[in-house]
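S.K.: Here is my input; please provide its structure:
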Amino acid sequence: MKKSELFAFLMIIFIGCSSMSINQTEVIKDRIILGAEQLDQYVSQLGEKSVALLVNQTSTIGNVHLVDTLQALGVNIKKVFAPEHGFRGDHSAGAVVKNGLDEKTGLPVVSLYGKNKKPTPEMLANIDVIIFDIQDVGVRFYTYISTMHYVMEACAEQGKELIILDRPNPNGFYIDGPVLQKEYTSFIGMHPIPIVHGLTVAELALMIQGESWLKNDIKCNFSIVPCKNYTHDSLYQLPIKPSPNLPNMNSVYLYPYLGLFEGTNVSIGRGTQTPFQIVGRPGFEGNFSFTPQSMPGVSDHPKYEGKRCGGFIVNDAKQDDFFAKPSLNLDWFLLFYKKNTIENGTYFKSFIFKLMGNSLFKEQVISGLSAQDIKQTWQPELLKYKAMRKKYLLYP
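M.R.: Predicted coordinates for the structure are as follows:
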């Protein structure tokens with residue numbers, strides 16, 4: 001079969017295998033079409049070039065992984081770069097991802113979440129172009145965007161091309177949280193953006209380059225394949241969990257603010273079947289209890305492993321008012337602080353500074369400010385950010 005015939009054949013299969021709601025006799029015209037699905041927009045650019053893919057378990061077209069798709073089309077794939085959680089998404093949060101060989105494809109897998117978070121010249125020596133295709137969740141401390149930043153920087157330094165296949169932002173319908181201050185820059189917060197930033201990865205890449213955030217203001221030679229039929233008001237349902245502890249849409253919607261508990265002595269349910277949907281700690285009396293257990297590849301030795309935690313099931317994201325007026329809800333955070341006791345130990349951990357991107361938040365909570373008053377202090381910087389964001393939007 002000729003490559004052109006194979007290309008057309010695969011396109012038919014991918015549309016048929018799509019997990020979206022498609023009528024058996026006609027494709028819904030306004031279905032969101034992902035960047036990766038638009039093979040005609042980027043495969044022809046690859047030719048005989050040596051290609052590396054920065055992908056994970058979310059990098060699929062319908063039910064077929066992008067690596068399998070491109071291999072079937074004869075693309076010259078040299079290696080796969082793996083972000084946090086690994087190529088197959090089977091590493092727990094913070095676990096070192098090691099280099100290896102993928103058993104299914106036979107491709108070398110090179111970790112970008114271990115000793116090297118940025119591709120070295122040696123890693124890129126035999127590469128002409130990198131393809132980035134990873135589902136993000138639109139939160140500043142979700143590390144896939146930090147990996148993208150380092151790949152952009154490495155491509156700029158080594159004269160390599162980058163193609164970004166865009167995907168919708170499931171939290172892209174609102175913007176909230178403090179804008180990160182420069183002194184709190186880290187791998188979980190590399191850019192002066194709010195916690196919920198309202199950008200797809202491609203839009204953020206445009207902002208990173210446009211605002212000269214790459215080292216020494218170097219410029220990356222990158223192109224984008226944008227989504228079709230997507231707007232920032234779209235409620236996009238993720239077909240595959242983006243990381244081990246975000247198993248469903250409820251957790252994805254709650255993650256921006258329940259994630260702040262990672263900087264406290266409160267558990268958000270790692271080591272249970274409902275992470276980022278419950279909150280609690282030992283000795284707390286709520287209307288729900290849970291006992292975290294080690295879950296290899298999902299939650300290795302989670303906070304309070306084997307200890308009963310009292311707390312609550314968080315149903316905020318299942319309420320209609322959440323979508324009518326979405327917001328970074330601080331009420332749960334303030335509740336647990338107010339009920340903290342000497343027996344519970346210190347409420348705040350130093351990690352809170354990196355998560356929030358400032359030191360003021362801790363002081364505000366300790367001083368007794370209300371959630372409304374705290375959020376009011378974010379507004380001047382948020383207004384500046386929203387004005388800047390408009391320059392880089394690909395979607396209404």
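S.K.: give me the number of residues near L39?
M.R.: 20 (other C-beta atoms under 10 Å). In this view, the C-beta of every residue, glycine as well, is placed from N, C-alpha and C.
S.K.: just so I have it, where are all the strands in the stretch 1-150 of the chain?
M.R.: Counting by DSSP state E, counting those that start in this stretch, the stretch 1-150 of the chain has strands at residues 51-55, 60-61, 64-65, 77-82, 100-101, 108-111, 129-133.
S.K.: The stretch 251-396 of the chain now?
M.R.: Residue ranges of the strands in the stretch 251-396 of the chain, as given by DSSP E, counting those that start in this stretch, are 278-281, 288-290, 309-313.
S.K.: winner for burial among those strands?
M.R.: Neighbour counts (mean count of other C-beta atoms under 10 Å) averaged over each of the strands of the stretch 251-396 of the chain peak at strand 278-281, with a mean of 25.
S.K.: distance between that strand and the chain's centre?
M.R.: From the chain centre to the centre of strand 278-281 is a distance of 23 Å (C-alpha atoms, centre = their mean, to the nearest Å).
S.K.: name the helices or strands packed onto that strand?
M.R.: strand 288-290, strand 309-313, helix 331-338 (3 or more C-beta pairs under 8 Å, 6 or more residues apart in numbering; DSSP states H and E).
S.K.: and the longest one with strand 309-313, angle?
M.R.: Angle between the axes of helix 331-338 and strand 309-313 is 150 degrees (criterion: axes from the mean of the first three to the mean of the last three C-alpha atoms, to 10 degrees).
S.K.: ok, residues contacting helix 331-338?
M.R.: 257-258, 260-261, 264, 266, 279, 281, 284, 312, 314, 347, 365, 370-371 (C-beta atoms under 8 Å, 6 or more residues apart in numbering).
S.K.: Please repeat the previous calculation with a cut-off of 10 Å.
M.R.: Residues from elsewhere that reach helix 331-338 (C-beta atoms under 10 Å, 6 or more residues apart in numbering): 254, 257-258, 260-261, 263-266, 268, 279-281, 284, 286, 311-312, 314, 316, 330, 344, 347-348, 352, 361-362, 364-366, 368-371, 374.
S.K.: quick one: which of those residues sit in helices?
M.R.: Using DSSP state H, the subset of the contacts of helix 331-338 located in helices is L254, Y257, L258, I352, F361, K362, Q364, V365, I366, A371, I374.
S.K.: Quick one, which of the residues you listed are buried?
M.R.: Among those, those scoring as buried are L254, Y257, L258, I352, F361, K362, Q364, V365, A371, I374 (criterion: 16 or more other C-beta atoms under 10 Å).
S.K.: Export these as CSV, with columns for pLDDT and distance to P121.
M.R.: Below are those laid out as CSV (pLDDT from 0 to 100; distance: C-beta to C-beta, whole Å):
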residue, pLDDT, distance to P121
L254, 98, 41
Y257, 98, 40
L258, 98, 40
I352, 98, 36
F361, 98, 39
K362, 98, 40
Q364, 98, 45
V365, 98, 45
A371, 98, 48
I374, 98, 45
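S.K.: now those residues in a markdown table, with distance to D166?
M.R.: Shown next, in a markdown table, are those (distance: C-beta to C-beta, whole Å):
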| residue | distance to D166 |
| --- | --- |
| L254 | 24 |
| Y257 | 25 |
| L258 | 26 |
| I352 | 32 |
| F361 | 31 |
| K362 | 36 |
| Q364 | 36 |
| V365 | 36 |
| A371 | 33 |
| I374 | 33 |
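S.K.: S243 - nearest residue in space that isn't next to it in sequence?
M.R.: H85 (5.1 Å; C-beta to C-beta, 6 or more residues apart in numbering).
S.K.: Could you give the number of residues near that neighbour?
M.R.: Residues near H85, counting by other C-beta under 10 Å: 25.
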